[in-house]
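Asks: Sequence and predicted structure are below.
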Amino acid sequence: MLDKVASFFKFKENKTNFRTEILAGLTTFIGMAYILAVNPAILSETGMDSGAVFTATALSAFIGTLIMALLANYPFALAPGMGVNAYFAYTVVLQMGYSWQQALGAVFIEGIIFILLTLTNIREKLFDMIPGNLRLSITVGIGLYITMIGFKNANILVDNESTLVAFYSWSSETLFTRGLTVLLAIIGIFITIYLYLKGYKISILAGILITWILGIVCQLVGLYIPNPAEGFTSLLPNFSGGFRLYSLTPTFLKFDLNNILSFDFLIVIMAFLFVDFFDTIGTLMGCSINAGYINKNNSLPKLKQALFSDAVATTVGACLGTSAVTTFVESELGIAEGGRTGFTSVITAILFLLSLFLSPIFLAIPVWATTPALVLVGFLMIRSITQIDFTDPLEGIPSFLCLIGMPLFYSIAEGIGLGIISYSVLHLITGRYKKVNYLMYFVAILYLFKYIFI
């Protein structure tokens, strides 16, 4: 049986084994588990039932990740995306005034459009149109982006009125609240780096678990004081409510398509398309380069299957009752741990399914405990910067704008937009426009349209 599984997922060709793939899948899941708590919290502000959203989040992640594993055999995991869920709740519903049912309808239509685009090879062509230097800059930019996410999650990086952002100041709060989690995250970073330098293959997973355990110890001795109102939840699993399975009934197939032909509704769909599409393209590109999947033709084998998995997951997610599902950048955690096949994704998918029944355990891991892993993976990804050709300004400047745009604008899609627009404009005005794929100009125009009208 195990031999058949290994053969199906091509363990030998990818130079991997069950132990590595299982640890990689577990690492990816732990790095993504925060979405199980964050997504219901965000979407419930629109009036959606938080319990139903929790179930929809876990099930859509399970389905999407499993499809990715079986169709594409890649260690990429999917779940409702951060950023697009905030746009869903705070912009489309709370600001523009649409109901959450109508917003779900927009996500559903977006998923259908993605499926059609994938079947017609348009998404593949859009992936292949991006030149080599921009691809490398996307990988570097994602490395910077996820490092920034890690720092923000742990409050190492904080807002500042005069400098926009700043390093956390312990003088601003007591050590028994936010300051302690900042300290634990920093300690966890150095522990994780030490384990990596010593050559331990489980350094990333160990870093997450050790940071969490240090927090538990602090809570048990009274140094860490839970305060849910301030975002400091208990680090100990809470089994007081038992192993409860929340019903999907409040959100299942509750989308509203009545305004589908209105201009404003089409604008909403376009916004979802842009954010989800280019986040997915960027993540797939960055993860694929880091995992060594890009072939000598500068393309990704089984790209159609990977994109199809993403499109189906978004459509299914809308039916279940959640915002767009996308490939998660935290897949890099499992890749850095050695995961190279879809079996990594199978493990991640199973853990998302188990989370329906074991949510107290998985939700007890605080988001700041993943900071050490994100920082180390950020370092591993940024190493690609040495391969970017900065000697040619026409290649180097767009690459720079792309990689720096992701952390500064806190968006993979916006970084890609900066890269595509600048690459197209600079080649056009210097007379080297024939070197650029015509689709690049088309996408650049679409991005400009987005910035003007959306």
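Replies: It's in.
Asks: And for Cys287, nearest residue in space, chain neighbours not counted?
Replies: Sequence neighbours aside, Ser331 is the residue nearest to Cys287 in space, at 5.3 Å (criterion: C-beta to C-beta, 6 or more residues apart in numbering). C-beta here means a position set from N, CA and C on the backbone, and glycine is covered the same way.
Asks: How much space separates that neighbour from Ile149?
Replies: For Ser331, the distance to Ile149 equals 14 Å [C-beta to C-beta, to the nearest Å].
Asks: what's the answer for Leu94, then?
Replies: From Leu94 to Ile149 the distance is 23 Å (C-beta to C-beta).
Asks: ok so Glu124 is a helix residue?
Replies: Yes. Glu124 forms part of a helix when assessed by DSSP: H, G, I helix; E, B strand; the rest coil.
Asks: List the residues that contact it.
Replies: Thr118, Leu303, Lys304, Leu307 (C-beta atoms under 8 Å, 6 or more residues apart in numbering).
Asks: where does the stretch 151-300 of the chain have low pLDDT?
Replies: For the stretch 151-300 of the chain, the stretches with pLDDT under 70 are 171-177, 201, 241-243, 263.
Asks: just the helices in it please.
Replies: 178-197, 203-220, 263-291 (DSSP state H, counting those that start in this stretch).
Asks: Reformat these into CSV and put mean neighbour count next to each item.
Replies: Shown next, in CSV, are these (neighbours: other C-beta atoms under 10 Å):
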stretch, mean neighbour count
helix 178-197, 20
helix 203-220, 20
helix 263-291, 22
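Asks: Out of the ones you listed, which gets nearest to Glu110?
Replies: Taking C-beta to C-beta, helix 263-291 is the member of the helices of the stretch 151-300 of the chain nearest to Glu110, at 4.5 Å.
Asks: Tell me which residue lies nearest the centroid of the protein.
Replies: A centroid search over the chain (C-alpha atoms, centre = their mean) returns Phe328, at 2.9 Å, as the residue closest to the centre.
Asks: Help me confirm that it comes into contact with Met32.
Replies: Yes. Look at Phe328 against Met32 with C-beta atoms under 8 Å: they come within range, at 5.4 Å.
Asks: list the residues that contact both of the two?
Replies: With C-beta under 8 Å, 6+ apart, Phe328 and Met32 have common neighbours Ala77, Ala79.
Asks: For Ala271, see how far away the residue nearest to Ser169 when sequence neighbours are not counted is.
Replies: Excluding its sequence neighbours, the residue lying closest to Ser169 (C-beta to C-beta, 6+ apart) is Val158, at 7.9 Å. Distance of Val158 to Ala271, computed by C-beta to C-beta: 29 Å.
Asks: quick revisit: show me which of Leu94 and Ile149 is the more surrounded one.
Replies: Shown here are Leu94 and Ile149; by other C-beta atoms under 10 Å, Ile149 has more neighbours (22 against 14).
Asks: Just give the nearest non-adjacent residue to the more buried one, would you?
Replies: With sequence-adjacent residues excluded and distances taken as C-beta to C-beta, 6+ apart, Ile149 is closest to Leu374, at 5.9 Å.
Asks: Work out for me the element that neighbour sits within.
Replies: helix 371-382 (DSSP states H and E).
Asks: in the stretch 351-454 of the chain, which ranges drop under the pLDDT threshold?
Replies: For the stretch 351-454 of the chain, the stretches with pLDDT under 70 are 454.
Asks: Contacts made by stretch 392-407 with the rest, please.
Replies: Contact partners of stretch 392-407, identified using C-beta under 8 Å, 6+ apart, comprise 131, 133-134, 136-138, 140-142, 144-145, 147-148, 282, 385, 388-390, 411-412, 414-420, 422-423, 426-427, 430, 432.
Asks: Run the chain-centre distance for that stretch.
Replies: Stretch 392-407 has its C-alpha centroid displaced from the chain centroid by 22 Å (C-alpha atoms, centre = their mean, to the nearest Å).
Asks: Please identify the buried residues of it?
Replies: By 16 or more other C-beta atoms under 10 Å, the buried positions in stretch 392-407 come out as Leu394, Glu395, Pro398, Ser399, Phe400, Leu401, Cys402, Leu403, Ile404, Gly405, Met406, Pro407.
Asks: Repeat that for stretch 116-136.
Replies: Neighbour-count burial for stretch 116-136 [16+ other C-beta under 10 Å]: 117-118, 123-124, 126-127, 129-131, 133-136.
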